[in-house]
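In: Sequence below, structure please.
(2 chains)
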Amino acid sequence: MGGEPGVPVDAVMTELHARVRERLRAQVIASGGSPAFEDPALFADVEALLHSAASTFDSTKLILPELLGDPDTWRLNTAMRYQSHRKRGPASVLIFVKRRVLMPLLRWLYEYSRDNFERQRRTNLVLFACVQELAVETARLRRELRAVAAPSAAGAAPADSAPESREAR
Amino acid sequence: MKLAFVVQRYGAGIAGGSEGLCRELAERLSPRHDITILTSCAQDYVTWEDALPQGPSVENGVRILRFPVTRPRRIKAFADLSDEVFEGGASRERQDEWFHENGPETPGLLDHLRTHGRDFDLVLFYTFRYFPSYFGLPLVADRAVLIPTAEEDSAIDLDVLPEFFDRPAGYVFMTPEEQKLVASRALHELPPSVVTGIGLEPVPVERPSRGSLDNLGIPSRYLLYLGRVDRNKGCDALLENFQEYASTRKDVTLVLAGPAKMQLPDHPQVRALGYVSAEVRAALLAHATALVVPSWYESLSIVLLEAWNYAVPALVNGRCKVLAGQVTRANGGLYYMFPAEFDEAADYLLTRTAEREALGRQGLAYVEREYRWPIVLSRVEALLAEVSRGVRQAGPS
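Out: The predicted model follows:
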């Protein structure tokens, strides 16, 4: 309908990403980062993997939060809950004081802390996503190694030790 | 057809994406359909205080029925409740309470839907997140068309929504990304739906003069941000990115046109204009080197379409799938996710004139293909006809 675009955005973005990646690699090396990053192709692979993880921090796509169990035991709670262990009468007075007297005075501090916890919560999700990406990669590599090892399986090392053997190489 | 449009606020002086979209569509459909707007008496989307007279009125040929708001929004209680329900795990009652607190609480509107909702062939609900849609739609679900204007913000993850998203008989979406988002949250496959966005009139062939910009001392090369200058719109990150970029390029200015809701840096290459007139706004858009849209959450960026209408390319936040999708489909700009990408993309747009102009032209061609009113209206009409056929076939409920 619109024909071929004169300047395709995907092509431009690929060019820009390559330039940004090279800039990032130079910075990392200059600041004493891993010598493995001297290899641009390896850096590109690592960057692509982390980039994909960092773009997928939607918790519904992650396995780790499910495996960790009850969110109350691990998730950062940023919402303020007004509670008291006392009996009903004193409790309602205390909650009233907390809500109507203390909270208005301390709201700035609460909001400052909440914003920081929100950032930390996002970082945690990104880290969950990174771990998941790495786990997927490891699982794939193990599967490939098992497939390679299968024909000469008799007497060979167990497949689970394959990643270590790979590293040793 | 006899149509009702349910929307949180309505009126010519009311700015706001979904409200503007509702009004534009209602006025354009009114010559062919019998339309009634069911809305609140509020003008202010923060407080929802009654400002307009309740009862019937007519504006630009469209019949309006306004209902009083029973209580203004309690800002702090709402903020605290938002924290609680967005954290996840809140009970259904607390989540329903969130929709109450979000307002505008208009029980009269709900009563009207209960008693007269079935007098309409279809009832169109604007924006899922407000009281009138959330509580009103289930009352006339068999003939309800939802225009959710959903974004990837925290509200979309409320776990009362999958059930709610299963209720409408049809959907109108702003972008394919929004359609995908809602489909991913609904329990079952979506009913008939259409992606339309909003229509735009072509801009006059003769560009607005630079006179008003010269008077304001706006230089010839500038990146433009248009809208409320707010952290929620990603402006804090934009300002950081731009200041870093500007430290190596002294020949570019960032112009911010819109009311500032955050503290702005005192920087020689950042110009904050505050509110601007329609004339200045048009001139700013027409002469910008590129438009910047740093927002994280959008269901459709109208200002992006407006920039393309002037053949101005855009630089957008790629973490917002809708924005990245819009520029990629249109081939009308670039996107960035972090500061180094902002630098490279801004540099590309500022230094490569031929490519920049080509991206702007491609954006304009996209608007011509997808966002002219006759195209948008024909898509909406086709969807309404399809849903209405389904309602008739299902018979009285």
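
In: Which stretches in chain A count as strands?
Out: Counting by DSSP state E, no segments of chain A form strands.

In: how about low-confidence regions in it?
Out: A:1-4, A:56-60, A:152-169 (pLDDT under 70).

In: Quick one: the helices in it, in order.
Out: Taking DSSP state H as the criterion, chain A contains helices spanning A:9-30, A:40-54, A:64-67, A:88-97, A:103-149, A:162-168.

In: Just the pLDDT for the closest residue to B:Arg74 other than its chain neighbours.
Out: Distance criterion Cβ to Cβ, 6 or more residues apart in numbering or on different chains; nearest residue to B:Arg74, sequence neighbours excluded, is B:Glu101 at 6.6 Å. For every residue, glycine as well, the C-beta is placed using N, CA and C. Predicted confidence (pLDDT) for B:Glu101: 94.

In: B:Glu101: neighbour count?
Out: 20 (other Cβ atoms under 10 Å in any protein chain shown).

In: Next, the contact list for it, please.
Out: Residues in contact with B:Glu101, defined by Cβ atoms under 8 Å, 6 or more residues apart in numbering or on different chains, are B:Arg73, B:Arg74, B:Ala77, B:Phe78, B:Leu81.

In: Do you know the pLDDT at B:Leu334?
Out: At B:Leu334, pLDDT is 97.

In: show me what contacts it?
Out: A:9, A:12-13, A:16, B:313-316, B:327, B:345, B:348-349, B:359.

In: okay if I get the residues you listed as TSV plus neighbour count and distance to B:Leu139?
Out: TSV is the format used below for the contacts of B:Leu334 (neighbours: other Cβ atoms under 10 Å in any protein chain shown; distance: Cβ to Cβ, whole Å):
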residue	neighbour count	distance to B:Leu139
A:Val9	21	44
A:Val12	20	49
A:Met13	21	46
A:Leu16	20	50
B:Pro313	31	45
B:Ala314	29	40
B:Leu315	29	44
B:Val316	29	38
B:Val327	27	39
B:Ala345	25	47
B:Tyr348	22	52
B:Leu349	25	49
B:Leu359	32	47
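
In: Which of those sits closest to B:Ser30?
Out: B:Ala314 (32.6 Å; Cβ to Cβ).

In: Neighbours of the nearest residue to that closest one once chain neighbours are set aside, how many?
Out: Spatially, and ignoring its direct neighbours in sequence, B:Ala314 is nearest to B:Gly333 (3.4 Å; Cβ to Cβ, 6+ apart). B:Gly333: 31 surrounding residues under other Cβ under 10 Å.

In: try A:Ile29
Out: If you count neighbours by other Cβ under 10 Å, A:Ile29 ends up with 14.

In: any idea how far the closest residue to it other than its chain neighbours lies from chain B?
Out: Spatial nearest neighbour of A:Ile29, chain neighbours left out: A:Phe37 (5.7 Å); criterion: Cβ to Cβ, 6+ apart. A:Phe37 is 16 Å from chain B, where distance means Cβ to the nearest Cβ, to the nearest Å.

In: Test my guess that A:Phe37 contacts A:Ala26.
Out: No - assessed by Cβ atoms under 8 Å, A:Phe37 is found out of contact with A:Ala26, at 9.5 Å.

In: Those two: which has the busier surroundings?
Out: Set side by side, A:Phe37 and A:Ala26 show more neighbours around A:Phe37, with 16 against 12, by other Cβ under 10 Å.

In: what sits against the more buried one?
Out: Contacts of A:Phe37 by Cβ under 8 Å, 6+ apart are A:Arg25, A:Val28, A:Ile29, A:Phe43, A:Val46.

In: State the distance from the second one to A:Phe37.
Out: When distance is defined by Cβ to Cβ, to the nearest Å, A:Val28 is 6 Å away from A:Phe37.

In: if I read this right, B:Pro191 contacts B:Arg167, doesn't it?
Out: No - taking contacts as Cβ under 8 Å, B:Pro191 lies outside contact range of B:Arg167: 9.4 Å.

In: mind checking the SS state of the residue lying closest to B:Glu49 once chain neighbours are set aside?
Out: Distances taken as Cβ to Cβ, 6+ apart place B:Pro72 nearest to B:Glu49, at 4.9 Å, with adjacent residues excluded. Classification of B:Pro72 by DSSP: H, G, I helix; E, B strand; the rest coil places it in coil.

In: out of the contacts of B:Leu334, who's nearest B:Ser40?
Out: B:Val316 (32.6 Å).

In: And the closest one, how far from B:Leu291?
Out: From B:Val316 across to B:Leu291, the span is 8 Å (Cβ to Cβ).

In: Domain ranges for the chain, per the record?
Out: Using chain A here. Following automatic domain parsing, chain A resolves into domains at A:11-55, A:59-149.

In: hm, I was asking about chain B
Out: Split by automatic domain parsing, chain B gives B:2-199+B:372-394, B:211-370.

In: Close to chain A: what parts of the stretch 1-150 of chain B are there?
Out: B:Lys76, B:Asp80, B:Asp83, B:Glu84, B:Phe86, B:Glu87, B:Gly88, B:Gly89 (Cβ under 8 Å from any Cβ of the partner chain).

In: three-state assignment of the last one?
Out: What that stands for is B:Gly89. Per three-state DSSP, B:Gly89 ends up coil.

In: How many residues are close by the closest residue to it other than its chain neighbours?
Out: Excluding the flanking residues, the one nearest B:Gly89 by Cβ to Cβ, 6+ apart is A:Pro71, at 6.3 Å. For A:Pro71, the count of nearby residues is 15 (other Cβ under 10 Å).

In: Looks like A:Pro71 contacts A:Arg121 (just checking).
Out: No - under the criterion of Cβ under 8 Å, A:Pro71 makes no contact with A:Arg121, lying 11.1 Å away.

In: who's in contact with B:Ala186?
Out: Counting by Cβ under 8 Å, 6+ apart, B:Ala186 has contacts B:Pro162, B:Phe165, B:Asp166.

In: Can you check the residues you listed and name whichever has the most neighbours?
Out: B:Phe165 (22 neighbours).

In: For chain A, see how far away the nearest residue to that one once chain neighbours are set aside is.
Out: Excluding the flanking residues, the one nearest B:Phe165 by Cβ to Cβ, 6+ apart is B:Ala186, at 3.9 Å. Between B:Ala186 and chain A the distance is 14 Å, computed by Cβ to the nearest Cβ.

In: what's the answer for B:Gly11, then?
Out: From B:Gly11 to chain A the distance is 33 Å (Cβ to the nearest Cβ).

In: Equivalent analysis for B:Thr115, please.
Out: Per Cβ to the nearest Cβ, B:Thr115 is found 38 Å from chain A.
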